[in-house]
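Colleague: Okay, sequence plus prediction incoming.
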Amino acid sequence: MTAPSNQSKKISQQSISSVSALKFFGKKLLSSKHETKLKKKASLPADFHSASAAKSGASSSKSSSSLKISHLSNPFAHTTASTCSSSGAARIPSTPRANGHSSTPRNVSITKLSNERIVYNPYGVSTAGTSLSSVSTSAKKNPDLGFYLHDGDSNIRMLPIPIVDPNEYLPDAMKEISVQMSDNFVFDDENKTIGWGGSCEVRKVRSKFRKKDVFALKKLNMIYDETPEKFYKRCSKEFIIAKQLSGHVHITNTFLLVKVPTTVYTTRGWGFVMELGLRDLFAMIQRSGWRNVALAEKFCIFKQVARGVKFCHDQGIAHRDIKPENVLLSPDGVCKLTDFGISDWYHKDPHDLTSPVKQCAGMIGSPPYAPPEVMYYDSKKHYDPQLQQPYDPRALDCYGLGIILMTLVNNTLPFMESCSFDSGFRDYCSAYENFERVHNRSFRNRGNYRPGPGTEYHLARNFQSGHAARVAWRLADPAIVTRYTILDLFEDPWFQGVETCVDDAVDDRVTCKKPIIKTTTYENPRGFHIAATTTAAATAKPTSNPFPIRSMVDIAGSSPAPATAPPPLARSNNSGEALFTLCETPPRLPDKHTLHGKRRTASPHRTLVHHHLNITDSVVGNSSSIAPSQLLAST
Ligand SMILES: Nc1ncnc2c1ncn2[C@@H]1O[C@H](COP(=O)(O)OP(=O)(O)OP(=O)(O)O)[C@@H](O)[C@H]1O
């Protein structure tokens, strides 16, 4: 791996000799309409790419690099408008929601909320002097959440007590009988952060009832001026999408949305209990040994990621932040998409997959993987507003796939940004047009499967196959109208012929270990804990749900019910006898019944033997418990 201190010399606009910078430049884009505050707090110098490159390697954790977009200001506002802008302003739900529900006082509060700006701060602290550059390198590497504990300062981003019950924000089908993390899980003794991102910290948690069952807890943090209400909406939307997609072999399973208590490990808030990934794809590519990985294995990884993207699109969801950091490798070596923080339903009516596609506007995604139509919204570039046209969010995912394929094969990013200010991108565009003009005039035509560019083209040189190069270039077509769609990709004969070591027909719900849920604790208005024993009968979803029946979109677009309204979910056994007992501390419950305690079945769906994990191990050493971000920090 390239040493961080050398990176500034090696990274140039034209070529990047190491993907170590990738994480740094893989920052999420900020909506141009919401960048005023960020400019003040996290402005990057004009010579950012060259001058900051050295720092980038040293601070390559996601938390130091990512600039979360501000479209999350009203993430649940699904309107009938054709534009699903990434900017909060464009997402004000002034029009009725697609489900036709009329305005309620809740809508009023949403409208008010959506006028507030969210500006991303990787550390969740919104002090006037805070900027990315002002955060110490050590803090970037290992953000210490200890300072969140100082609740007296209004700038400190800590959720007010009481933390809202996640069930209040979830559709009925996703409500859980247990929402307290500590009911069923304990933090791993290792006390290590295994990953972090713009608004989260990921730690290992263990089942209280079967210690060898380890999961990831993605503890979610508030960002900048985010209100608790916005926080809850943003996080529940991410959870709903992640949960909707769970069960596919190439999607990281997200099991529960839970309340996390303040402990020595972290501060109170919400968190996702997820399937634990071994490391992310970025951590693999970043290692020097990646260069020796056989092309067949790289193509296999690419195909797995593409299957994950296709599944998202088939479900009516655009991921919108496809990049190697958001691909986790399972302990079995299976590639799984994660991080649905800026994903969205892309149909006008999310429930109707035949309804028209919602167009997006604004900057979404992460620069090396974000296509030109997105980069036009970068206000710093001062593009003609005429170029800022609404775009199909699925095309963003396809472009990201193309850049991932180029990166996997070339062992480096093709260029920093897909815009005319980047000479590497300009060269790529020239090469693209040249190839089309000189070698294959119908290159961009649908159904043209003649070989793509060959060794004479810089960004096709290492493919060793004109067909593989064709797929990469067609996905990363700078022109959105001719770019491969996910269906085009799956029809491509070369892509179809790529062998994978994973059978995507396997239902991950069968193979993936799910957490055991045995204890349920609620706080009643008198402050007592109400602990419930889950029995076989109680494992069924509640029939007498105290929450009104609301659709996913309904919940997403509305404020939570008033704190006093919903009583805890009632449970009863077969005879109708209540299973709740009042006690001051939750009792330990007998290890008899489980909610999700299916045993993992046999093998991890291998059809062909590849060695992703062996490669990783040989490349990174015996580090199965080390998170990608730690690897980055330690190199
Ligand atoms: N289930 C998991 N198992 C293991 N590691 C994980 C898991 N989820 C996330 N990570 C690690 O934590 C990192 C951050 O997670 P994630 O991308 O979900 O956070 P985020 O805040 O949404 O990031 P971003 O800054 O891109 O928005 C990932 O890149 C990965 O390395």
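Modeller: Now that the structure is in, tell me what you want to look at. Numbering: from 1, shown residues only.
Colleague: tell me which parts of the stretch 101-250 of the chain are close to the ligand?
Modeller: Neighbours of the ligand within the stretch 101-250 of the chain, by Cβ under 6 Å from any ligand atom: Ile194, Gly195, Trp196, Gly197, Gly198, Ser199, Cys200, Val202, Ala216, Lys218. C-beta here means a position set from N, CA and C on the backbone, and glycine is covered the same way.
Colleague: now, among these, which is nearest to Tyr391?
Modeller: Gly198 (22.6 Å; Cβ to Cβ).
Colleague: and that closest one, how many residues sit next to it?
Modeller: 24 (other Cβ atoms under 10 Å).
Colleague: you'd agree it is up against Ile223?
Modeller: Yes: counting by Cβ atoms under 8 Å, Ile223 is a contact partner of Gly198 at 7.2 Å.
Colleague: Dump the residues of the stretch 101-250 of the chain next to the ligand into JSON lines; add secondary structure and pLDDT as well.
Modeller: Shown next, in JSON lines, are these (DSSP: H, G, I helix; E, B strand; the rest coil; pLDDT from 0 to 100):
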{"residue": "Ile194", "secondary structure": "strand", "pLDDT": "93"}
{"residue": "Gly195", "secondary structure": "strand", "pLDDT": "91"}
{"residue": "Trp196", "secondary structure": "strand", "pLDDT": "86"}
{"residue": "Gly197", "secondary structure": "strand", "pLDDT": "85"}
{"residue": "Gly198", "secondary structure": "coil", "pLDDT": "82"}
{"residue": "Ser199", "secondary structure": "coil", "pLDDT": "86"}
{"residue": "Cys200", "secondary structure": "strand", "pLDDT": "91"}
{"residue": "Val202", "secondary structure": "strand", "pLDDT": "95"}
{"residue": "Ala216", "secondary structure": "strand", "pLDDT": "96"}
{"residue": "Lys218", "secondary structure": "strand", "pLDDT": "96"}
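Colleague: quick one: secondary structure of the closest residue to Val260 other than its chain neighbours?
Modeller: Spatially, and ignoring its direct neighbours in sequence, Val260 is nearest to Gly271 (4.4 Å; Cβ to Cβ, 6 or more residues apart in numbering). Counting by DSSP: H, G, I helix; E, B strand; the rest coil, the backbone at Gly271 sits in strand.
Colleague: Run through the bridge partners of Gly271.
Modeller: Lys219, Val258 (DSSP bridges).
Colleague: Any idea how many residues pack against it?
Modeller: By other Cβ under 10 Å, neighbour count at Gly271 equals 28.
Colleague: Pretty sure it sits against Lys219.
Modeller: Yes: between Gly271 and Lys219 a contact is recorded at 4.3 Å, counting by Cβ under 8 Å.
Colleague: who touches both of those two?
Modeller: Counting by Cβ atoms under 8 Å, 6 or more residues apart in numbering, the shared contacts of Gly271 and Lys219 are Val260.
Colleague: quick check, Phe425 in a helix?
Modeller: Yes: judged by three-state DSSP, Phe425 forms part of a helix.
Colleague: and it, what pLDDT?
Modeller: Phe425 is assigned 97 on the pLDDT scale.
Colleague: Next one: Gly316 from the ligand, what distance?
Modeller: Per Cβ to the nearest ligand atom, to the nearest Å, Gly316 is found 21 Å from the ligand.
Colleague: Not counting sequence-adjacent ones, nearest residue to Asp477?
Modeller: In this structure, Asp477 finds its nearest non-sequential neighbour in Arg483, 3.9 Å apart by Cβ to Cβ, 6+ apart.
Colleague: Can you give me the distance of that neighbour to Gly447?
Modeller: Between Arg483 and Gly447 the distance is 15 Å, computed by Cβ to Cβ, to the nearest Å.
Colleague: Pick out whichever of those two has more residues nearby.
Modeller: Shown here are Arg483 and Gly447; by other Cβ under 10 Å, Arg483 has more neighbours (22 against 8).
Colleague: Next up, identify which helix or strand the more buried one is on.
Modeller: Under DSSP states H and E, no helix or strand contains Arg483.
Colleague: So for the longest helix that the chain contains, mean pLDDT?
Modeller: Ranked by residue count, the top helix of the chain under DSSP state H comes out as helix 295-314. For helix 295-314, the mean per-residue pLDDT is 97.
Colleague: For Gln315, grab the count of nearby residues.
Modeller: Around Gln315 there are 17 residues (other Cβ under 10 Å).
Colleague: List phi and psi for it.
Modeller: phi -90, psi 0 (degrees, to the nearest 10).
Colleague: pLDDT weak spots in the stretch 101-250 of the chain?
Modeller: 101-156 (pLDDT under 70).
Colleague: how does it look with 90?
Modeller: Per-residue confidence for the stretch 101-250 of the chain (pLDDT under 90) gives these ranges: 101-162, 177-178, 189-192, 196-199, 222-225.
Colleague: Can you show me the helices along it?
Modeller: Taking DSSP state H, counting those that start in this stretch, the helices of the stretch 101-250 of the chain run over residues 105-114, 137-141, 181-184, 228-245.
Colleague: do the same with the stretch 251-400 of the chain
Modeller: According to DSSP H, counting those that start in this stretch, the helices that the stretch 251-400 of the chain contains are 281-286, 295-314, 372-375, 393-410.
Colleague: Redo those as CSV? Include distance to Asp349.
Modeller: Shown next, in CSV, are these (distance: least, Cβ to Cβ, whole Å):
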stretch, distance to Asp349
helix 281-286, 33
helix 295-314, 16
helix 372-375, 24
helix 393-410, 16
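Colleague: Tell me which of those lies nearest to Gln180.
Modeller: With Cβ to Cβ as the criterion, Gln180 lies closest to helix 295-314 of those, at 30.3 Å.
Colleague: in the closest one, what's buried?
Modeller: 297-313 (16 or more other Cβ atoms under 10 Å).
Colleague: Can you confirm whether it lies near the ligand?
Modeller: No: Helix 295-314 stays clear of the ligand (Cβ under 6 Å from any ligand atom), getting no nearer than 14.0 Å.
Colleague: angle of that helix against helix 228-245?
Modeller: Orientation of helix 295-314 against helix 228-245 (axes from the mean of the first three to the mean of the last three Cα atoms, to 10 degrees) gives an angle of 120 degrees.
Colleague: OK, contacts around the nearest residue to Leu328 once chain neighbours are set aside?
Modeller: Of all residues not flanking Leu328 in the chain, Gly277 sits nearest, at 3.0 Å (Cβ to Cβ, 6+ apart). Counting by Cβ under 8 Å, 6+ apart, Gly277 makes contact with Ala216, Thr252, Leu328, Leu329, Ser330, Lys336, Thr338.
Colleague: In the stretch 301-450 of the chain, which residue sits closest to the ligand?
Modeller: Asp339 (3.4 Å; Cβ to the nearest ligand atom).
Colleague: From Lys513, how far out is the residue nearest to that residue when sequence neighbours are not counted?
Modeller: In this structure, Asp339 finds its nearest non-sequential neighbour in Asn326, 4.3 Å apart by Cβ to Cβ, 6+ apart. Going from Asn326 to Lys513 by Cβ to Cβ gives 22 Å.
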